[in-house]
Structure formats: structure tokens, C-alpha cells
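1. When you get a sec, could you give me coordinates for this:
(3 chains)
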Amino acid sequence: MSTTARTDRIVPSDRTSRHAPGSRISSLAFAAMAALGLCSAAQAQEPIKLGILLTHVGPTAIFARYEDKGARMRIDEVNRAGGIKGRRIEVIGYDTEGKPDRAGTLFRRLAQEDKVSAVIGPDSIYVLLGMSSVPTESKVFSMAAPGNYELVPMKDRQWVASAWTANGYTMVLGLAWLKDKLRVGRVGMLTTADSIGEMIGREATDTAKMLGMEMVQVLAQPASDRDLLPSLTKLNGMKPGIEGLVVFGSGPYGTIAMNQTDLAGVNVPILYIGGNIIPELIKDVTPETGKRTFLTVARNVVADTLPASDPYIAAAKKFNADYQAKYKETPTQPSAVGYDMASTVIDAIENVGSDPVKIRDYIYTKQKDFPMAQGIRTNRTPSDAYGIDPRDVVVASIEGGRFVFKGYLKDSYKALGIKDEAITEQMRRFKMLAD
Amino acid sequence: MAEFLQVLFTGLSQGGIYALIGIGFSLVNMSTRVLNLAQGSYALLGGFVFLTLATRYGLPLWAALALVLVFVAMLGVVTERIVSLRVRPWRPISHDMAILTTLALVVVAEGAAFLIWGPDPQRGPALQRGVVNVLGAILIWQSVWMLVITLVIAAGLQWLLIRTWLGRSMRACAQNPLTAALLGIDVRRVGMAAFTLSAVIGALAGMLVSPITWLDYQIGGEFMLKGVLAYLLGGELAIAGPLVGGLVLGLVENLFLLFPGATGGLLKQVVPMALLIVMLVWRPQGLLGGPRAR
Amino acid sequence: MTAGSPSLLIRNRTWLIALAAYAATVVPLMTSGLLYADVVVTSGIFFILVMAMDLLFGCAGLLSFGHIGFFAIGAYAPAVLAKFFAASLLSGTLAGLVVNLALALTLGRVFLRLSGSYFMLGTLAFGIMVHAVIRTWYPVTGGDAGLGDIPRVVLGSLSPQVSLAIVIWVSAALLFWFSLNLSASRVGRALRAIRGDAVSAACCGVDVPRLRINLFALSACYASISGSLFAAYNGAVHPDSFALSALLDVLLMLFFGGEGTIWGALIGVTLLRVLPDLSGPLQAGKILFSGVLFAVIIFLFPMGVAGALKDGMRRLGRARDEVRPHEPAATAGEGASGQRAAGDEVFGQGVASEGMARAGTRRLRAAGASGEPPPAVIEVEALGQSFGGLRAVDAVSFSVEAGTIRSLIGPNGAGKSTMLNLLSGVQSVREGRVSGLGHRLEGLSPDRIARLGVRRTFQHERLFAHLTVIENVMVGCESGSDGSVRDLVRCGLALPSTRSEAQRARAASLAWLERIGLADRADDAVSALPHGLRKLVEVARAVAALPQVLLLDETAAGLNATEKARLKVLLRSLRDEGVTTLLIEHDMAFVMDISDRILVLDFGRLIAEGTPDAVRRDPAVLAAYLGA
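-> This next block holds a predicted model:
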């Protein structure tokens, strides 16, 4: 199986296959060599080393589990197809243990001792922030998946890019859907009492203003709290009442915040922001609450319920099916993120070889319209290492313990008449983009 | 008003859990002079085993409860044995080493829970689902039960300490273990009973709290910290100290939520420790007093 | 071995052991590829932090769970200053030191008031508090988002990473040198004495609270420096680096390496930095693994790698000594081993000739200078003490003249030991007045009283079990430490003056040990001595500082006849040198034989006072003793 076949699987039919020639040549060359019995010589070539640095403990460990599988799936595909120009990919995987300094140490180890071409990870924003200067100082590209890329210092973004499509900021933009489809005007917000919660609060307030909505009050409780009724009853007591609620928080906090809206009598549409984007993490959301909870997600999450006209539907379904076949489990958003992290780097290696600096340069300047398993295309530039249009995600709600497609976020922005410049302007303000 | 009542109740029910863990500390400490940091781990393991038995194996709640209590009682005995394994009559327990050993046990419990139950938070079955509305405040039935059971346990233990032979032995050990030994009290047995009892109380706390707070493998450490705080705040009166300490702690930290906006949530995370440090400065013996400062 | 500078030799050997052990750890790791540049550099950082904990725990027996807080503040100070004032790394480090010093001096005072376990819990609360504050105070600390952009260090034309590595290891080596000096010095001995028995250390003249608070502050400074280097090396700080799990790592390093040796920290840190790599395949079981490891170390090897090595060395050394033909040490001269066989009487006099000459002349000079009849060195007026309803001491007045032996007798519970506790400051005087050596003693702390020249022994021997026989005597001899910063710095820098002081103290202590016939057991652990000899060592510890007043609490109890005879000789010769002795004793023959005058207490009241003969005939005394 050639690598070209693989890329075709996840891209919509209208793609211009500008990556194909290189890959095709390499696979042809491989086939030729194999035919000539030179296979052993090819295998004797030094493998290409890729580091995987994920966080396998702590509350975000479940993401690493899926990301790791996704990334290894892509690498397996390449290796099974004979590697890149005959060179196999060798994976060196480490666990950050949730400690930023440990992650820094391991990144240096990957860069200096293991001499990897690039690193897939780190995934956790907390871990990344405590070591974000290490990729820059070791001149090895870090294909990270932070939930809040805007927090990564500007000076470090030349070596740290993000593969997480529907991140915190993108999820905030979902407010437009509430305004457009559900006519929500007054919103309240419950967030975690920490700096990321505060930042998301600011972003939501700003977005509400941009959309002509009113953010009535932003309340915060510590992320370790499990009784959120004090804040919710407070929000319920607002006069006049709120028409929508924004909830930010991952894990039990997010679920409890959603469920307790029922108890507190806040029966309004909820925009959810946070990490509960995996079926395991929403299984405790009550059906009544789930139905009025909306969030923005990557397309692969809702592949089954996407309209048939969606340009990415075939690719997303293909990815899901392959993943299901390989691991006997339903793929999730992080599975696709992991796959995309690996495929971004592999694409660069296929085109420019295994030199770490060249890989970085390629991803930031030449890799255009690169299709991702998350059902979106990236165009990274030196001032935008996130590289996607954040409105290019879909809105979903929770029904029967899974995510169900509700609509395209971009349509809502169009309907509300928000200009592209306003979004770019906001992305600059919130440091999603460099100035 | 409804807001204030809501915070008050949230504070009391959380405080009840802190108090239960704190009481466990207190029992062990009075009987053996060991600060058992693994106290929170009983809640972790008890809670997890309970929810596994009840939800995965579908055992009736009473059967699961009984099994958990037996299991945790054994854990308590094991802890006692481990902590005092190197103790000989001529070499009394080194408290530094004992406390470190229990700290190591916290990590062991955490690691075991991670291996068995993974990193994801889980929750167990509730005694009674649903809520009740009281003057505009919403009380979760499980929280109500939590508080009631805490008070019942505290009262029961108080009775045990005053009225029974075991309780009197414990108090004798608290006064002076040497004298207690001379009076014919088997100090080792009393210690073991204290460990067992505190493990059972810890597990009850874990089972009660799991439907509300959920459990994850790291929660043992968090329980431990809150229990220690309750215990230190309250003072060294065996039961009343940690009970009052826990309730006060729960109330104080939640009262900060009455602050407008996000400030309250931030303060809530710093205030408990600050409260403790202020207490150590002004009243090292705790709210209700006791022989702590040298 | 020359008698020249034993402390210097010890120090050199420690360096050697440390280096050898480090090499033994590092070389196999290096060849197996586990030890890479980053591990070497970061272990330098954590070495400083663990040293800080070891100074506190290994020396003074204080296990602080709060050092992760000082470490965090040290790390955040440069980050915060760089963010708001574009300050350099150096000024950030200094700011961290100032903040930590202030915190350690204020909070330390609170924590040190708490006893053992509560000290741990108090410091734990502090560590968690710091973590909570940096997590939540995000306008300043960046909260969950952490802070980046920490200024780098550049030395000349070297790259920032190499420069930083050099700065880290130079700092670590300097602090290591300082700690080793401190630990081997008078202050180190005083600290270990506190760890063994704080009351007893105070009675040797150690200002326990002050020394502990200053050591706590010093240790916080170490942690602060370590934190600043940590921040500089990582280029960013994030609260997750300072959570509870980081504290566990540091504790593991401390105990794995072996507490109380300082150099053990180096090995512990290196091994622990490598350990996660070793346990690679254990991914899921990693937490369990480190927990079990922790438990096993605490449990089976509480002394750690360094402790095991040291033990091995000592055993090796002992074996060598046994093989070597037994020759009297050159410094001992005609001392111990030869004399002991000749009988106690001879022994006592023989030794008196050398060791005492100095002391004797000093006393005589002192007496001569005053030119007056021997004054009363202790005056007690209407002294009282109650415990609940019990009058332990009730309106007692007496005075003791210089250069005499005075005994204090009475039935059990008569208040004798309480009297001694009041005189030595172990219990504070609430009623009445006590003056001694021209000073008012009531209200003075035990260490002040000890440094004025009043030393004591205890009813139940309270030697420092961790120390060797000679170290015990040296603690007494050196008059402890006033615990001042100056003292810590002098000892840490190993100034020549402190080194010669230490040599003199060692020589003098050895002379005292010869006087009680224990010179050949100088380097044994005190716990290895039989009870009677331990009591004699305690006397030596009390008299080694050449006190003017000696308070002995039932020292003769538990001694056999020979030992009692030895004690008698010693006390008499001390009297001849001008030492005033007040002793409590039950052995009437001993008392009658040795005392110049006797005080009799019963139910806290002074019922008789006079010469032995007078007291023996006193009807009140007879009544008290015979239970009339």
C-alpha cells in the first residue's frame, strides 16, 4: 500500500494532490528496489527517528491514550508501506508524567541524545507551558496539541505548532451559533477559578460583545469543586434571567456544571467549552442536559451525522473506519489529533528529509492546504502556527452519549454578518496570531 | 438569602467530609502518636472498591458496603503493622519515619488505584438521588445524608470513647502510653483497633462522597490535606476537634464564593492554608485547644 | 596519622568518599547512556535543594515539607521580576533570597514552636499554600499559564546552556563545600546534639531556638538559589513543577541518597533523576513503583546509599584496627591503656597531672585576682515551684560557696530534681530568686546559664545518641553555639580560627576522656557503652567546658564500686581546681564521704543543712528518712 493511497483517504475529492509526486516516487523507488532484491540495503538505511512525548498520568491522560494510538497508526501506515524513501520510522516514546520540568528533560533527551527529527507532543497545555522554550533552544520542532495555543509565548512559536483544531478559543466562538440559531442574547458564564478559566472568560465576554450579545456575569469556582450550585443559583437569580449559559471546565467539573443546571433551574442552552469531548467523559451528562448543550468539534467526531454534502465526510469516515479496524474502539477527537500530529511531520519528512530545521521550515512555509483527519485544512505561516480558520469547525450537541452534528459554525458567522477582519483582529488580540 | 443558604449548606456538607477524615487522624494520633497521612487513601480505595462492586459487579449496596468495610479494616491493620514493624520495646517508634512511611503508603495507594482504575474520574451509586428545595436553596439528598451520617458517626465515636473499654484504653494511651501499658492495656492492640476504626471511617467518607465529588486516583492526597487541615484547625479534642475544624473549614472556604465575580473562587483555594498558618501563629493548639505546642 | 588536624583529615576523606561514590554511580550510568547532559545539569539544581533538606533533617532532625515552597518562590522571583521590571537573573535570584529569608525567619519561628510531626504538617501547609498562591494569583504569577521569558546567563562566548551548566555546578560545589564544613564543625555537632536531645543540648550551651531558626533560614536560602537556577535552566516556570508530587521526588532523593551526610544527596539526586528512565517499561505502574520504592527505602534502608557506604567503611576501618597490633596512641602519652591496669586511684592522680594543670592554674588565677575569701557562687532565695496542687519546691533558700562540694539529699519526690531544673533553667523560675556567678539566673534560658559556667548532668543519662563518645564531650567542651548567623558563616567557611578551635576542643575532650579512662573508646558510638560508663561520659561532657558550677543529678546511681571510686577522685580533683559542685545522690556512703556540706529536702522544704556529721544526727532528717 502506497502512502499516496493513504492521503487520498482522508482528503476530500477536490484536493490538489501536491504532496503526491514525492511520495509516489518514493514508493515507486521502494517497489523497484524490492523488485531488484535491494530491500536489505534499504532496510540497512538508518531509520528516521520521531519522538512522542505525551502525558500519560493525571486528568488529561485519557487524551494521551488516544493521541498516542492515532500517531502510531499513521506511523505504522508509513512503515508498512516501506517507510519514507526506504527509511523506516522509529518511534521513541516518553511520558511527561505531567511534570513540566520532566517534559523539558525528556525533550532535551529526544533532541540531544536520541537525535530525533521532530517531536510529536507535548499535548497537555500545562506541561507545554513549563518547557515551551526547550524546542526553540534545541532547534527541534514540537508538533504539540495544546488546548490553549494562545498561551504559548510568541518567541517559542517558531518551534512549537498546534494540531488541536477545536481548542479553547475555537470553542468560545460557538457563541455565534447560540445567537444565530437559538436567538440567545443574554448569557451568563461559569468557569474555573484559575488563569485559563479567567482567560476563557475574557474571550467569551469579548466574543459576546462582537456578536452583539450581553455577558451578564462570569462566575468562577475552583476546578476541584464538585458542588457548583452556589454559582448556578447565583446565575439563576439574575434579573432579568439569562437566556444562555457558557460553561468552561473539563472532567467532572464540566459534567457536573452541565447537570446541575437542571437542579438549579437554569434550563437554558449551554455552550460548553473544555476537554469533555470524548464519549467516556460525557457518559454522565443527563439526556435532558445533553440535548441543550452545544459545543464545537472536529468533523471526525460527528462523521456519522454529517450531511452527505460535507466535503470532508469521506475522509473523516475513512479515518474512523481504519482506526476502528486497527484498535477495535471508536476513534475520538484526540485520536484524529494524534494522527494529524504524525501526518503533519511525516509529510514534511517525505518532502524535505529528516533534517529537523528543514522539517520546521517546510511546515511553516511550504505545507499549504494540508488535509487533516480532523476534517480541516491547515495553512501554517511563521506568524500563525495554529494555521486554521477557527470558524471552520462544526457545532454538535450531546444525544444518547455521543456527539451529534447540528450545523456549521461558519454559516452562523455569515448569517450574523461578522467580517473576517473582525475575527482576525480578535485572534490577534487574544494572541492566537502573532502581530 | 437563597444564595447564602446555598453556600452555607455546601460548606457544611463538604466540611462534614473533611471532618470524617480528620476524625480518623485524631483517633490514630491519640492512640499511637502517629500522624497517619494514608488516612485519605482509605477513602480513595474504599470508595473505588465500593463503586466497582456496586456498579461493575452489580452487588446490592449493603453487600458491597460490608465487603468494603472488611477490606478496609484489613488495610488499617496492615498499615499499623507496617508503621510499627521496626518498633521494638527498646526502640520506640520514630515519628519522622512513621509519618514518612504513611506518606509512602499514600503514593502506593495512588499508584495501585492508577493501575487498577486508570486515570479517569468515576463515581459511585448514591444513597438517594435528587434534590430538595429549602427556602430557595437546593440541597442534594446525598449531601444531606453525608452530613447526617458524619454527625451520627461522630456521636457514636464519642460514646465509644467515653463508655467502652476500648475508648477508655485509647484515652489512656493518649495520656501516656507507658502508663497505659503498665496498667495492663495492650497498647499494640489499641493501636491496631484505632487504625482499623479510622480506616473504616475513611472508607465510609469515600463511599459517601464519591457520587458527589467523583473519585480519581489522586484524590487520596487531596482528602488527606483537607483532613489534616480540619484536624489542625480543630484542636486535639478527640472527636469534637476535627468535627468543628472540618465544618469550620468547609464553611469558611465556601463563604468566599459569596464574593462577586471570579474573586471568590480564587480566594477559596488559598484561604484554607492561610487560615491554618494564621491559626498556627495565634492559636497553635487549635480552635478547641489541646496539648500541641511545646 | 598525625595528630595535626584530624578535622581536616575527616573533611578530606568525606570529599573523597563523596567523589568515589559519585563516580561509582555516574560511570555505569554514563556508559549505559542513561546519564545525558540534561540529567547532569538538573541533578546539580536538585542537589542544592536536597542539600537544603539534608542540612535541616540530617543535622537538626527537622524534616521540612515546605522547602518546595521556598524552591517555588526562588523560581518565581526571577520570572516575575523579569516580566514586570525586565530585571536580570541575578537581581531576580537576590529578590527570591530576600523574600524567602523573610518568610523563613517569620514562619520558621512559628513552625519551630511546633513539635516534630506538627512541624512537618505546618511546613506542608506552607508548601501547599505557596503552590496555591502561585496558581491563583495570576495577574502576577501567570497562574496556570506559568511565566516564560526568564533571562538567560551568558558567560563570555559560551552558549547560554553551557554557561548555565557552569553556573549551576559552581554554585552547587560551593554550597556543598559550605555544608560539609558546617556539618563537620562545632555548629554541626551542636545541631546533631539538638537532634539527639534538645534539652540536653541547651544545657551544653547551645542556643537551640536561635540556631534552629537560623539554620532553617539558611536552608531556605539554599532552596531559593536552587529554585532560581531551576527557573533559569527551564526558561519558564509553571505551578505544576511545584506540586505535592515534586515534594515526594525530593524526599525520595533525600532518603535514597542517605540523610545526614550531605554528599548522599548527590547520589540520591543523580539516581532519582535517572530512575524514571530506568523504569521506562513500567509506564502505568510508575507511580506504584515510586511509592513502593519510597516505602522500601524508608523501611529497610532508612540510612540510604550513603549510610550503607559509611557503615561499610566503618566496619572496614574497625576490621583494620583489629588486625593492627594494639599500640597506645602517641597523643595519649602515658594515658589510658597503660594506666588503667594500674588501678583507679593511681589512674586518677596520674591523669590529673597533665590534663588538669591548665585548668587548675586558670582557677587559681581567677581566685587570686579577686583576692577575697571564696564567695557564694549560687544563692537561692525563697525558691518555689508548684505542679498543680503539689508544692515540689517550697520557699527554699540556701547558698553554695565557691570551690566546695554540696550534696542535696532527700526522699523520693522531695523536689531535688526540680531544684536542679530550676537552677539550670530547664524549668523557668516563677517564685523566688536565683543568682549564680554574680548574675540573676531566673528568666535566663538554659543555654545562657550553661554559657555562664553552670553545667549539669541528668538523672536519666541524656547523651546524644547519634554522636560518638568524643563528639559528645566536644559538644560540652565547645560551649555549644550561640546560633548566630556569624557563627554559622564562620563554621561554614571553615575559617582558620574555627579549625584551630575544633582541634583544641578535640584535644581537650580527649584529655577528659583519658581522665575518666575512656580515651580508647573515643570514636565509639555512645550507645555501645555500658550504662555506668555513659554516666561518666555525661560528667565529662559537663566538666569539659571547665564550668564554675557543676550540677550532678544522681550520677553515682547505677555505677559499680570501681566507677564510683573513679567519680569520687574526679570530683575531688575538680574541687581542688576550684569547681563548685552541687550533687543529688541517694548513696549515703558516697554523699557522706565526699560532701563538704549537705542540704536535706523533704516535701519541697529544706529541713536541714550542715556538715555530713551534723546532718547524720539531725532528728528531722532521721524522721524524714525513717518515715516517722
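2. Quick one: the helices in the stretch 51-200 of chain B, in order.
-> Assigned by DSSP state H, counting those that start in this stretch, the helices in the stretch 51-200 of chain B fall at B:61-83, B:95-117, B:141-163, B:165-175, B:177-182, B:187-213.
3. could those go into JSON lines alongside mean neighbour count and distance to chain C?
-> Using the backbone N, CA and C atoms, a C-beta is placed for each residue, glycine as well. Output for these, formatted as JSON lines (neighbours: other CB atoms under 10 Å in any protein chain shown; distance: least, CB to the nearest CB, whole Å):
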{"stretch": "helix B:61-83", "mean neighbour count": "18", "distance to chain C": "8"}
{"stretch": "helix B:95-117", "mean neighbour count": "22", "distance to chain C": "3"}
{"stretch": "helix B:141-163", "mean neighbour count": "17", "distance to chain C": "22"}
{"stretch": "helix B:165-175", "mean neighbour count": "18", "distance to chain C": "14"}
{"stretch": "helix B:177-182", "mean neighbour count": "14", "distance to chain C": "13"}
{"stretch": "helix B:187-213", "mean neighbour count": "25", "distance to chain C": "16"}
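4. so which of the ones you listed comes closest to chain A?
-> helix B:187-213 (4.0 Å; CB to the nearest CB).
5. Which other helices and strands does the closest one contact?
-> helix B:2-32, helix B:39-51, helix B:61-83, helix B:141-163, helix B:165-175, helix B:177-182, helix B:219-234 (3 or more CB pairs under 8 Å, 6 or more residues apart in numbering or on different chains; DSSP states H and E).
6. which regions of the chain sit below the pLDDT cut-off?
-> Looking at chain A here, since you left the chain open. Low-confidence segments of chain A, defined by pLDDT under 70: A:1-44.
7. You answered for a different chain; I wanted chain B.
-> Ranges of chain B meeting pLDDT under 70: B:86-93, B:290-294.
8. 50 instead, please
-> Filtered on pLDDT under 50, chain B yields the residue ranges B:292-294.
9. try the stretch 251-400 of chain C
-> Residue ranges of the stretch 251-400 of chain C with pLDDT under 50: C:324-370.
10. Residue C:311 against residue C:303, yeah?
-> Yes. With contacts counted by CB atoms under 8 Å, residue C:311 reaches residue C:303, the gap being 7.0 Å.
11. Between these two, which has more neighbouring residues?
-> Each of residue C:311 and residue C:303 has its neighbours counted (other CB atoms under 10 Å in any protein chain shown); residue C:303 has more, 18 against 12.
12. if I look at the residue nearest to that one when sequence neighbours are not counted, how far off is chain A?
-> In space, and not counting its chain neighbours, residue C:303 is closest to residue C:258: 5.4 Å by CB to CB, 6 or more residues apart in numbering or on different chains. Note on residue C:258: its distance to chain A, by CB to the nearest CB, to the nearest Å, is 24 Å.
13. show me what contacts residue C:258?
-> Residue C:258 sits next to C:264, C:267, C:268, C:303, C:304, C:305, C:306, C:307, C:308, C:309, C:310 when contact means CB atoms under 8 Å, 6 or more residues apart in numbering or on different chains.
14. can you pull the contacts of the first one?
-> Under the criterion of CB under 8 Å, 6+ apart, the neighbours of residue C:264 are C:54, C:257, C:258, C:304, C:305, C:306, C:307.
15. how close does it sit to residue C:272?
-> 12 Å (CB to CB, to the nearest Å).
16. ok, residue B:270 - how many residues close by?
-> 20.
17. Check which helix or strand it maps to.
-> Per DSSP states H and E: residue B:270 is located in helix B:263-282.
18. mind listing what's buried in that helix?
-> Using 16 or more other CB atoms under 10 Å in any protein chain shown as the test for burial, helix B:263-282 gives B:264-273, B:275-277, B:279-280.
19. go on, stretch C:478-497?
-> Buried residues in stretch C:478-497 (16+ other CB under 10 Å): C:478, C:479, C:480, C:481, C:482, C:483, C:487, C:488, C:490, C:491, C:492, C:494.
20. hmm, back to that, just curious, which of the buried residues of helix B:263-282 is nearest to chain C?
-> residue B:273 (3.5 Å).
21. Settle this for me: residue C:61 is touching residue C:194, isn't it.
-> Yes. Residue C:61 is in contact with residue C:194 according to CB under 8 Å; the separation is 7.0 Å.
22. More neighbours: which of the two?
-> Between residue C:61 and residue C:194, counted using other CB under 10 Å, residue C:194 has the larger neighbour count: 29 against 20.
23. what residues does chain A put near chain B?
-> Applying CB under 8 Å from any CB of the partner chain, we find that chain A lies next to chain B at A:56-59, A:61-62, A:191-194, A:197-198, A:201, A:217-222, A:224-227, A:229-231, A:233-234, A:237, A:251-252, A:263-264, A:280-281, A:284.
24. Please indicate which of these are buried?
-> Using 16+ other CB under 10 Å as the burial test, the residues of chain A next to chain B include A:56-59, A:61-62, A:191-194, A:197-198, A:201, A:217-222, A:225-227, A:229-231, A:233-234, A:251-252, A:263-264, A:281, A:284 as buried.
25. burial of the nearest residue to residue C:528 once chain neighbours are set aside, as a residue count?
-> Of all residues not flanking residue C:528 in the chain, residue C:521 sits nearest, at 7.8 Å (CB to CB, 6+ apart). Residue C:521 is flanked by 18 other residues according to other CB under 10 Å.
26. Spatially central, which residue of chain C would that be?
-> Nearest to the geometric centre of chain C sits residue C:191, at 2.1 Å (CA atoms, centre = their mean).
27. And the average pLDDT for the helix or strand where it lies is what?
-> Taking DSSP H and E as the definition, one finds residue C:191 inside helix C:186-196. Throughout helix C:186-196, pLDDT has a mean value of 87.
28. got the CA coordinates for it in PDB?
-> As requested, the backbone C-alpha atoms of helix C:186-196 are provided in PDB (Å, rounded to 0.1, in the frame of the first residue of the first chain):
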ATOM      1  CA  ARG C 186      31.100  22.800  66.100                       C
ATOM      2  CA  VAL C 187      27.800  24.100  64.800                       C
ATOM      3  CA  GLY C 188      27.200  20.800  63.000                       C
ATOM      4  CA  ARG C 189      27.900  18.900  66.200                       C
ATOM      5  CA  ALA C 190      25.600  21.200  68.100                       C
ATOM      6  CA  LEU C 191      22.900  20.600  65.600                       C
ATOM      7  CA  ARG C 192      23.200  16.800  65.800                       C
ATOM      8  CA  ALA C 193      23.200  17.200  69.500                       C
ATOM      9  CA  ILE C 194      19.800  19.100  69.200                       C
ATOM     10  CA  ARG C 195      18.500  16.300  67.100                       C
ATOM     11  CA  GLY C 196      19.500  13.800  69.800                       C
END
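29. Which SSE is immediately downstream of it?
-> Counting by DSSP H and E, the next helix or strand C-terminal to helix C:186-196 is helix C:198-202.
30. Would you tell me whether whatever helix or strand comes next after that following helix gets close to chain B?
-> Next along the chain after helix C:198-202, taking DSSP H and E as the criterion, comes helix C:208-234. No. Judged by CB under 8 Å from any CB, helix C:208-234 stays clear of chain B, getting no closer than 10.5 Å.
31. any idea of the angle helix C:208-234 forms with helix C:186-196?
-> Angular relation of helix C:208-234 and helix C:186-196 on a 0 to 180 degree scale: 110 degrees, by axes from the mean of the first three to the mean of the last three CA atoms, to 10 degrees.
32. Helix C:208-234 close to chain A?
-> Yes. Judged by CB under 8 Å from any CB, helix C:208-234 comes into contact with chain A at C:230, C:234.
33. What of stretch C:148-167?
-> Yes. Counting by CB under 8 Å from any CB, chain A is contacted by stretch C:148-167 at C:148, C:149, C:160, C:161.
34. Run a quick neighbour tally on the closest residue to the third one other than its chain neighbours.
-> If I follow you right, that is residue C:160. Nearest-residue entry for residue C:160: residue C:152, 4.1 Å, with adjacent residues in sequence omitted and distances by CB to CB, 6+ apart. For residue C:152, the neighbour count with other CB under 10 Å is 16.
35. How about the one 4 residues further on?
-> The burial metric for residue C:156, expressed as a neighbour count using other CB under 10 Å, is 5.
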